[in-house]
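Visitor: what shape does this take:
(chains A and B)
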Amino acid sequence: MDLIKPEIGLFFWQTIVFLVLLFLMAKFAWKPILNSIRQREDSINDALASAESARLEMTNLKANNEKLLKEAREERDGMIKEARQIKEKMIADASDDAQVKANQMISAAQDAIKMEKQAALNEIKTQVATLSIEIAEKVVSKELTSKEDHMKLVASMLDDVKLN
Amino acid sequence: MKAHQSLKMIVTLTIAFAMMPFLSFAKKDIAEAEKEFNPTDMIMHHIGDAHGWHFFGSGESAVTLPLPVILYTDNGLVTFMSSDFHHDTEGEYIVEKDGMSFVNFHEKIYQLNAGVQDIEFNEDQEPLNASKPYDFSITKNVAAMLLTVIVMLVFFFSLAKHHKKNTHAPRGMNNALETLVLFVRDDIAKPQIGEKKYRKFMPYLLTVFFFIWITNMLGLLPGAANVTGNISVTVSLGLFTLVLILVNGNSDFWKHTLWMPGIPTFVKPILAVVEILGLIIKPVALMIRLFANITAGHIIILSLLGLIFILESAGVAGVSVPFALFIMVLELLVAFLQAFIFTMLSALFIGMAVQEHEHH
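Guide: Residues are numbered from 1 along each chain as shown, chains lettered A, B, ... in the order given. Purely as a prediction, here's the structure:
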């Protein structure tokens, strides 16, 4: 059968043509095409990997930020608390001071008042004595002759009279 | 993108128009038309090779693209155009060249012995008074093969041009081609040969896949040649795979072929014979599968259409033509399938030859 009998001519041409085609395609078509496809795939893989690492970095950063924020908040709370304590202490100290000062002022005032009162009493005693003597002298000059007897009488009377 | 498309269009049209001057118009032969219809001859003529590319018409009125006839005779190379035979395939028209006479008998060219006018054959179809020179003609199949080469170069050089400029995915036609290239790489080469070694075989696998597929598709066009349905072509393709297996087979492969480890010694020679036979049968199966599938498709279509002439009734066309159309569409699938299977099995055989065995 002619159908299944290979012909040398066609076999020869098929081999030559295929080899030439293989050479041309391998050199000028398949090589650039496959290289470029591989490059593209590599760059896609790289991009995916870097996206993944960026995502990880983002999570790390976020965690870091949160940590920092937490620390800052704690520090702020601490500062506020401390300030409040200081304030309270200051207020307490101030009021103590004021109390002490006030007490001092009050006692000083009381002393001054006491002294003034004593002085005033003494003055009053002297005035009263003088007045009493003058009054008594006028009243009893006729009955008591001796001045010394009058003075003794008045002094003994004044000693009996204790003001306050 | 537009520039590429118009370039492709121009190339296609140029090829078509370049053929026009060679078309030879001849006178009508009435006797030819009255000859009895022989379906076997018709089918064999259509699936066989020819020395001219016949488009339409018959006998002397046929429109045929003449192709060069290149013969290697005892007196050296002889070349002339197939149109010198004036469409004769019955050995009647004698071409005289360099003092030798040649006839075309059923698309085979014979050199007549000196003084002989009519070629005679014995019962085994061997010529009695003529010799058969080595025929290296650019036949219809060779021309169709070259057409495939042109188509492949135009399409894939365009894709390569895109890829030389940038690594982005291309658009349009180039994207479709790239998908097919990736299909061969990811679904044929990588799984069969392995991630490590597939790269070396990619050019062969891609070339053979697209060559077979495009040739199969072009072979479905009306008036086209039956290239991949010709045993000479598939023998050549099968041998390429065989050579790749033999050249790239590693020591493990040869050890398993010639002296299989792990079995009793007396079985080893028997198995070696079986393995070597298997080595030869693999490419033979490849070449027969492709040849038989493509030829069978052509024969079915021609038979269905031949029914019209056998039954001598135009009404049969109502049944034959839809059936032939159905087979034609099926052949579109077969065209891809056979290219895929050939490439797949080639990759599988190569993969078996290069794989690293685990030592057990």
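Visitor: so what's residue B:309 up against?
Guide: Applying C-beta atoms under 8 Å, 6 or more residues apart in numbering or on different chains to residue B:309 gives the contacts B:37, B:39, B:42. Heads up, the C-betas are built off the backbone N, CA and C, glycines and all.
Visitor: compare those and tell me which is most surrounded.
Guide: Among these, the one with the most neighbours (other C-beta atoms under 10 Å in any protein chain shown) is residue B:42, at 16 neighbours.
Visitor: gap between that residue and residue A:56?
Guide: For residue B:42, the distance to residue A:56 equals 73 Å [C-beta to C-beta, to the nearest Å].
Visitor: go on, residue A:22?
Guide: 47 Å.
Visitor: more neighbours: which of these two?
Guide: Higher neighbour count among residue A:22 and residue A:56: residue A:22, with 18 against 10, using other C-beta under 10 Å.
Visitor: next, the buried residues of stretch B:72-81.
Guide: Neighbour counts over stretch B:72-81 (16 or more other C-beta atoms under 10 Å in any protein chain shown) mark B:73, B:78, B:80 as buried.
Visitor: which ones among the residues you listed lie within helices?
Guide: Residues of the buried residues of stretch B:72-81 located in helices (DSSP state H): none.
Visitor: wait, which of those is closest to residue B:134?
Guide: residue B:73 (7.9 Å; C-beta to C-beta).
Visitor: list the contacts for the nearest residue to that closest one once chain neighbours are set aside?
Guide: Leaving aside its chain neighbours, residue B:73 sits nearest to residue B:133 (4.3 Å; criterion: C-beta to C-beta, 6 or more residues apart in numbering or on different chains). Taking C-beta under 8 Å, 6+ apart, we find residue B:133 in contact with B:71, B:72, B:73, B:74, B:78, B:102, B:109, B:110, B:111.
Visitor: chain neighbours aside, what residue packs nearest to the second one?
Guide: In this structure, residue B:72 finds its nearest non-sequential neighbour in residue B:134, 4.0 Å apart by C-beta to C-beta, 6+ apart.
Visitor: can you find the helix or strand of chain A with the lowest average pLDDT?
Guide: In chain A, no helix or strand scores lower on mean pLDDT, DSSP states H and E than helix A:147-160, which sits at a mean of 76.
Visitor: and that one, what does it pack against?
Guide: helix A:31-140 (3 or more C-beta pairs under 8 Å, 6 or more residues apart in numbering or on different chains; DSSP states H and E).
Visitor: enumerate the residues of chain A near chain B.
Guide: A:2-15, A:17-18, A:20-22, A:24-26, A:28-37, A:39-40, A:43 (C-beta under 8 Å from any C-beta of the partner chain).
Visitor: avg pLDDT for stretch B:6-19?
Guide: What stretch B:6-19 shows for mean pLDDT is 62.
Visitor: repeat that for stretch B:210-221.
Guide: 94.
Visitor: is chain A within reach of it?
Guide: Yes - with C-beta under 8 Å from any C-beta as the criterion, chain A is reached by stretch B:210-221 at residue B:211.
Visitor: buried ones in that stretch, by neighbour count?
Guide: Quick answer for stretch B:210-221 (16+ other C-beta under 10 Å): B:210, B:211, B:212, B:213, B:214, B:215, B:216, B:217, B:218, B:219, B:220.
Visitor: from the residues you listed, which ones fall inside strands?
Guide: Per DSSP state E, strands hold no members of these.
Visitor: next step: those residues restricted to helices.
Guide: Among the buried residues of stretch B:210-221, the members found in helices (DSSP H) are B:210, B:211, B:212, B:213, B:214, B:215, B:216, B:217, B:218, B:219.
Visitor: spit out the contact partners of the fifth one.
Guide: Just to be clear, that refers to residue B:214. Here residue B:214 is in contact with B:148, B:151, B:152 (C-beta under 8 Å, 6+ apart).
Visitor: quick one: contacts for the closest residue to the last one other than its chain neighbours?
Guide: When you say that, I think you mean residue B:152. Distances taken as C-beta to C-beta, 6+ apart put residue B:210 closest to residue B:152, at 5.7 Å, once the chain neighbours are dropped. Contacts here follow C-beta under 8 Å, 6+ apart; on that basis residue B:210 touches B:152, B:156, B:180, B:339.
Visitor: so what's the first one up against?
Guide: Contact analysis of residue B:152 by C-beta under 8 Å, 6+ apart lists A:21, A:25, B:210, B:211, B:214.
Visitor: likewise for the last one?
Guide: With contact taken as C-beta under 8 Å, 6+ apart, residue B:339 is in contact with B:209, B:210, B:212, B:213, B:216.
Visitor: the first one touches residue B:188, doesn't it?
Guide: Looking back up the chat, that one is residue B:209. Yes - counting by C-beta atoms under 8 Å, residue B:209 does reach residue B:188; the two are 7.4 Å apart.
Visitor: mutual contacts of the two, please.
Guide: B:340, B:343.
Visitor: follow-up on the earlier one: how near is the residue nearest to residue B:73 to chain A?
Guide: In this view, residue B:133 and chain A are 10 Å apart by C-beta to the nearest C-beta, to the nearest Å.
Visitor: what do you get for residue B:344?
Guide: 18 Å.
Visitor: helix, strand, or coil at the closest residue to that residue other than its chain neighbours?
Guide: Of all residues not flanking residue B:344 in the chain, residue B:188 sits nearest, at 5.4 Å (C-beta to C-beta, 6+ apart). Assigned by DSSP: H, G, I helix; E, B strand; the rest coil, the conformation of residue B:188 is helix.
Visitor: residues near residue B:188, how many?
Guide: 23.
Visitor: these two touch, right, it and residue B:204?
Guide: No - contact between residue B:188 and residue B:204 fails when scored by C-beta under 8 Å: they sit 11.4 Å apart.
Visitor: let me see the residues that make contact with whatever helix or strand residue B:69 lives in.
Guide: In the assignment (DSSP states H and E), residue B:69 maps to strand B:68-73. Under the contact criterion C-beta under 8 Å, 6+ apart, strand B:68-73 has outside partners A:9, B:51, B:77-82, B:84, B:100, B:102, B:109, B:111, B:133-138.
Visitor: and for stretch A:41-53?
Guide: residue B:167.
Visitor: spatially nearest residue to the closest residue to chain A within the stretch 251-360 of chain B (excluding sequence neighbours)?
Guide: The nearest approach of the stretch 251-360 of chain B to chain A comes at residue B:295, 7.2 Å away (C-beta to the nearest C-beta). Leaving aside its chain neighbours, residue B:295 sits nearest to residue B:229 (3.8 Å; criterion: C-beta to C-beta, 6+ apart).
Visitor: domain ranges for chain B, per the record?
Guide: As given by automatic domain parsing, the domain ranges for chain B are B:68-137, B:142-354.
Visitor: can you tell me which of the ones you listed is packed in deepest?
Guide: domain B:142-354 (a mean of 18; mean count of other C-beta atoms under 10 Å in any protein chain shown).
Visitor: let me have the buried residues of stretch B:72-81 in TSV, extended by pLDDT.
Guide: Shown next, in TSV, are the buried residues of stretch B:72-81 (pLDDT from 0 to 100):
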residue	pLDDT
B:73	89
B:78	90
B:80	90
